[in-house]
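Chemist: Below are the sequence and a predicted model; questions follow.
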Amino acid sequence: MLSTVLDLRVAKRFALVDCNNFYVSCERLFKPALIGKPVVVLSNNDGCVVARSQEVKDLGIKMGVPVFRIYDLIKRHNIQVYSSNYTLYGDLSGRVMSTLAQFAPDVEIYSIDEAFIDLSEFRYRDLTEYGSEIRNRVMQWVGIPVSVGIAPTKTLAKLANRIAKKSGSGVFDLSIYPSIDEILSQVNVGDVWGIGSKYDKWLRDRGITTALNLKYADESLIRAKMGIVGVKLQMELKGESCLAMELIDNPKQGTCVSRSFPKSINELSALKEAIAFFTHRAAEKLRRQKQAASVITIFARTSPFRDNFYSNSATAELTLSSNYTLDLSRVASRLVESIYREGQNFKKAGVIMTGLVSESQIQGSLFDINFDINFDINNDEAKMRSRNLTSVMDTINAMYGRDTLRFASTGVIQVWKTKSEQRSPQYTTCWGDLLEVS
DNA sequence: TCTGGGGTCCTAGGACCC
DNA sequence: TCTGGGGTCCTAGGACCC
């Protein structure tokens, strides 16, 4: 019994499976001519680089650089440029994840291109070999290259994955490596999972420059600055697992829809249209997640890269939680005037829905209408109509494509609409974009 | 000229209550 | 008016992630 308890405590094994250059790999899958060529994928709005092929990384182009700064490099090296195509990436991600699910019962989908797998029960096997099997099968079934890092904690599995990416085999098991400290001494502290730019600077200023330094740094110092998160991080580096697998698909705490505008907006009417559109999208998301919101926040700001930065937000609470576009827009549009300032060049805006509840828990739902003592026929009929209209719109939009039907308040000219000039077709999810084989 | 979007968690401090 | 400790809840802000 005691040994079982000890086993549970010490003998964890986590694998972190990470897709290599995921968005680029997705583009290459349907355009093999891109293999071996330098490729980048841009953010929404075609603003920044969010994915790079190895060839591009080798050119020294950093993650997140604004594309206008590398125009000359793009030309000189004939870099292939793509707008991001999240529909395609989301679909391929799903295929990767369901392939992983065949290797262990517990898979935590951490992001669109990463998953943790609990391999503790396989710890007496050769996990390097098991990792290779995972890698090969994902490649064979989905066509996406992945790397596998294995270690006794999630934080170390992240590091193991970085090493796996650099190694030829694409798999690295840190738990059998003779000297973990030797590896940690070669990792910059800022490359540790959980250390961002602010903590990186703070730690460096105190002589803590490597993962090894952090592992053995004074706990009270770390706790004072980083709180419990920092202490757990140190323990994870020491091989003691503090971050468990998160398997339950937790309902979202909030849902946000925001965009930067290709050209700044200064008219109230345009800002209203943009907010109406974001609210429309957010309501769609909520309905898809089977959730409803009770609090709406809207925000707008000017460019943080210009002088006289202006940013404002406003929040309102709904009397009843809702996920219907009309209910939510009414509240959102009322808020716009309170954050608008004449003469400001708004560069970004958005809506945030919080206070989310499950759709089934909405109080005073449709079914209560008949039992409501204060039954107000006009009001409730209007609500009914709004609800019926929404579900008809959802159905039609699902059949004929997004925004076939939308509310006029979301704008006709849509000056705020984002750019996406180099988007690849939706090969896997749209009949019209299916690849033809001749 | 041109700089992403969508999330999470933790903490400190204030409001409020008994 | 002065005088208290202790608890909860909420919010804003700061950090992080991909």
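Modeler: Cool, got the structure. Numbers count the residues shown, from 1 in each chain, chains lettered A, B, ... in the order given.

Chemist: Could you check how many residues crowd around A:R287?
Modeler: A:R287 has 17 neighbouring residues, counting by other Cβ atoms under 10 Å. The C-beta positions use only the backbone N, C-alpha and C, and glycine is treated the same way.

Chemist: which residues does it contact?
Modeler: By Cβ atoms under 8 Å, 6 or more residues apart in numbering, the contact list for A:R287 reads A:323, A:359, A:390, A:394.

Chemist: Which one of the residues you listed is nearest to DNA strand B?
Modeler: DNA strand B lies nearest to A:N323 out of the contacts of A:R287, by Cβ to the nearest atom of the strand, at 13.3 Å.

Chemist: Isn't the closest one up against A:A293?
Modeler: Yes: counting by Cβ atoms under 8 Å, A:A293 is a contact partner of A:N323 at 6.8 Å.

Chemist: Identify the contacts common to these two.
Modeler: A:L286.

Chemist: circling back to that earlier point, of the contacts of A:R287 - the most surrounded one?
Modeler: Among the contacts of A:R287, A:N323 has the most neighbours (other Cβ under 10 Å), with 25 neighbours.

Chemist: re earlier: the contacts of A:R287 into CSV, with extra columns for pLDDT and secondary structure?
Modeler: Converted to CSV, the contacts of A:R287 look like this (pLDDT from 0 to 100; DSSP: H, G, I helix; E, B strand; the rest coil):
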residue, pLDDT, secondary structure
A:N323, 93, coil
A:E359, 86, helix
A:T390, 74, helix
A:D394, 73, helix
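
Chemist: and those as JSON lines, adding distance to A:F122?
Modeler: Output for these, formatted as JSON lines (distance: Cβ to Cβ, whole Å):
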{"residue": "A:N323", "distance to A:F122": "42"}
{"residue": "A:E359", "distance to A:F122": "39"}
{"residue": "A:T390", "distance to A:F122": "48"}
{"residue": "A:D394", "distance to A:F122": "44"}
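
Chemist: Distance check, A:Q140 against A:N20.
Modeler: Computed as Cβ to Cβ, to the nearest Å, the A:Q140 to A:N20 distance reads 15 Å.

Chemist: These two: which has the busier surroundings?
Modeler: Using other Cβ under 10 Å, the more surrounded residue of A:Q140 and A:N20 is A:N20, with 16 against 9.

Chemist: Could you list which residues are in contact with that one?
Modeler: Counting by Cβ under 8 Å, 6+ apart, A:N20 makes contact with A:144-147, A:165, A:170.

Chemist: Now for the residues you listed: which two are most distant?
Modeler: Spatial extent of these (Cβ to Cβ) is set by the pair A:I144 and A:K165 at 14.0 Å.

Chemist: The two: which has the busier surroundings?
Modeler: Higher neighbour count among A:I144 and A:K165: A:I144, with 21 against 18, using other Cβ under 10 Å.

Chemist: The more buried one touches A:E27, doesn't it?
Modeler: No: under the criterion of Cβ under 8 Å, A:I144 makes no contact with A:E27, lying 11.2 Å away.

Chemist: still on that earlier bit, a markdown table please, covering the contacts of A:N20 and showing secondary structure and pLDDT.
Modeler: Listed next are the contacts of A:N20 as a markdown table, based on DSSP: H, G, I helix; E, B strand; the rest coil; pLDDT from 0 to 100:
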| residue | secondary structure | pLDDT |
| --- | --- | --- |
| A:I144 | coil | 98 |
| A:P145 | coil | 97 |
| A:V146 | strand | 98 |
| A:S147 | strand | 98 |
| A:K165 | helix | 95 |
| A:G170 | coil | 97 |
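
Chemist: is it true that A:V357 touches A:Q289?
Modeler: No: applying Cβ under 8 Å, one finds A:V357 not in contact with A:Q289, separated by 11.1 Å.

Chemist: Would you state the helices of the stretch 201-350 of chain A in chain order?
Modeler: Taking DSSP state H, counting those that start in this stretch as the test, the helices found in the stretch 201-350 of chain A are A:211-215, A:219-237, A:268-289, A:325-339.

Chemist: Can you check the pLDDT for the residue of chain A found nearest DNA strand C?
Modeler: Nearest to DNA strand C, among the residues of chain A, is A:G196, at 2.3 Å (Cβ to the nearest atom of the strand). With respect to pLDDT, A:G196 scores 96.

Chemist: Not counting sequence-adjacent ones, nearest residue to it?
Modeler: Once flanking residues are discounted, A:G196 sits nearest to A:G190: 7.8 Å by Cβ to Cβ, 6 or more residues apart in numbering.

Chemist: Could you pull up the residues touching the one you found?
Modeler: A:G190 makes contact with A:196-197, A:199-200, A:204, according to Cβ under 8 Å, 6+ apart.

Chemist: beta partners of A:L42?
Modeler: Judged by DSSP bridges, the bridge partners of A:L42 are A:V49, A:S83.

Chemist: just A:A292 next, same as before
Modeler: Judged by DSSP bridges, the bridge partners of A:A292 are A:V357.

Chemist: Could you check how far it is from A:F299?
Modeler: Here A:A292 is placed at a distance of 21 Å from A:F299 (Cβ to Cβ).

Chemist: out of those two, which sits in the busier spot?
Modeler: A:A292 (27 against 19).

Chemist: That one against A:S360, yeah?
Modeler: No: look at A:A292 against A:S360 with Cβ under 8 Å: they stay out of range, at 9.5 Å.

Chemist: Residue ranges in chain A under the pLDDT threshold?
Modeler: Scanning chain A for pLDDT under 70 picks out A:1-10, A:363-386, A:397-401, A:405-406, A:411-418, A:431-432, A:434-438.

Chemist: Run through the bridge partners of the spatially most central residue of chain A.
Modeler: Ranked by distance to the mean C-alpha position of chain A (Cα atoms, centre = their mean), the top residue is A:S111 at 6.0 Å. Beta-bridge partners of A:S111, counted by DSSP bridges, are A:E114.

Chemist: With only the CA atoms kept, save stretch A:314-329 in CSV.
Modeler: Once non-C-alpha atoms are left out, stretch A:314-329 reads as follows in CSV (Å, rounded to 0.1, in the frame of the first residue of the first chain):
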residue,chain,number,x,y,z
ALA,A,314,-17.5,50.0,-20.0
THR,A,315,-19.4,47.2,-18.4
ALA,A,316,-23.0,46.4,-17.9
GLU,A,317,-24.8,43.6,-16.2
LEU,A,318,-27.8,42.0,-17.8
THR,A,319,-30.9,41.4,-15.8
LEU,A,320,-31.2,38.0,-17.4
SER,A,321,-28.3,35.9,-18.8
SER,A,322,-28.6,35.6,-22.5
ASN,A,323,-26.8,34.4,-25.7
TYR,A,324,-29.2,36.0,-28.2
THR,A,325,-27.6,38.6,-30.4
LEU,A,326,-30.5,41.1,-30.0
ASP,A,327,-30.5,41.0,-26.2
LEU,A,328,-26.7,41.4,-26.1
SER,A,329,-26.5,44.1,-28.8
